[in-house]
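[1] For reference, the sequence and a predicted model appear below.
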Amino acid sequence: MGRALETQEVNLDQVIALTLEQAKQRYSMGANSISKIADMCEGNIRFGKVRRFHREKIDKFLLDELSV
C-alpha cells in the first residue's frame, strides 16, 4: 500500500487570498455573511470565475466595525 498523504495545517494569518472554507473557519461565519462583508469592504479577489477573500481588508473592516 502507498503512504498516506501528509497534510500540514495552514496558518491563516499568513494567507492573503482566503478560500471560502478558510474564510468561514477564520471568521466563524457562514458563506453569505462573509460574501456581504467582502462586498462592503471591497475584499473580493477574482481570478476569472474563482473568488477569494482578501484577509487584510476583511480583518481591518471587522476591527473598525467592532471598535465603534
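    Everything's here; your move.

[2] contacts, neighbours, all on C-alpha from now
    Will do.

[3] Pick out the residue nearest the middle of the protein.
    Here the mean C-alpha position of the chain is nearest to the C-alpha of Ala23 (CA atoms, centre = their mean), at a distance of 2.9 Å.

[4] That one and Leu62: what is the separation?
    In this structure, Ala23 and Leu62 are separated by 13 Å, where distance is defined by CA to CA, to the nearest Å.

[5] just to revisit the earlier point, give me the pLDDT value at the residue nearest to the centre of the chain.
    In the prediction, the pLDDT value recorded for Ala23 is 97.

[6] Same question for Lys36.
    What the model reports as pLDDT for Lys36 is 97.

[7] In which helix or strand does it reside?
    Per DSSP states H and E, Lys36 falls inside helix 31-40.

[8] Can you name every helix or strand that that helix contacts?
    Helix 31-40 is packed against helix 20-27, with contacts defined by 3 or more CA pairs under 8 Å, 6 or more residues apart in numbering; DSSP states H and E.

[9] Buried residues in the helix it packs on, which are they?
    Within helix 20-27, the residues that qualify as buried by neighbour count (16 or more other CA atoms under 10 Å) are Leu20, Gln22, Ala23, Lys24.
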